[in-house]
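>>> Here is my input; please provide its structure:
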Amino acid sequence: MLEQLKEVICQYVDADPETITEDSRFVEDLGFNSYDFMSMVGELEETYDIEVEEREVVEIRTVGEALEYIKKLQEEE
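The predicted structure is shown next:
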């Protein structure tokens with residue numbers, strides 16, 4: 001799942017997938033702005049067939065947190 005998430009991330013920011021880790025922060029390390037981040041969230045909803053709560057997504061700061069959130073949503077379905 002991490003590799004797939006890296007591919008999606010690289011569609012929105014100019015980052016080397018090899019350098020992206022679970023500790024990578026979306027804004028500080030990868031250079032996301034809020035528009036790019038929310039656009040990526042929309043794509044993740046389609047990719048993983050999940051529905052992201054807007055109030056929860058603002059808590060996601062790192063790639064690892066995003067992975068855990070996606071896994072949690074998938075388990076709920």
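
>>> And the helix or strand of the chain with the lowest mean pLDDT, how far out from the chain middle?
Within the chain, no helix or strand scores below helix 54-57, which has a mean of 90 by mean pLDDT, DSSP states H and E. Distance of helix 54-57 from the chain centroid (CA atoms, centre = their mean, to the nearest Å) equals 12 Å.

>>> Output that helix as PDB, restricted to C-alpha atoms.
Below are the C-alpha coordinates for helix 54-57, written out as PDB (Å, rounded to 0.1, in the frame of the first residue of the first chain):
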ATOM      1  CA  GLU A  54     -12.900  16.400   6.300                       C
ATOM      2  CA  ARG A  55     -12.500  17.100  10.000                       C
ATOM      3  CA  GLU A  56     -10.300  14.000  10.400                       C
ATOM      4  CA  VAL A  57      -8.100  14.600   7.300                       C
END
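
>>> in the helix or strand just after it, what counts as buried?
Proceeding C-terminally, helix 54-57 gives way to helix 63-76 as the next helix or strand, assigned by DSSP states H and E. Neighbour-count burial for helix 63-76, counted by 16 or more other CB atoms under 10 Å, picks out 63, 64, 66, 67, 69, 70, 73. C-beta: built from backbone N, CA, C; applies to glycine.
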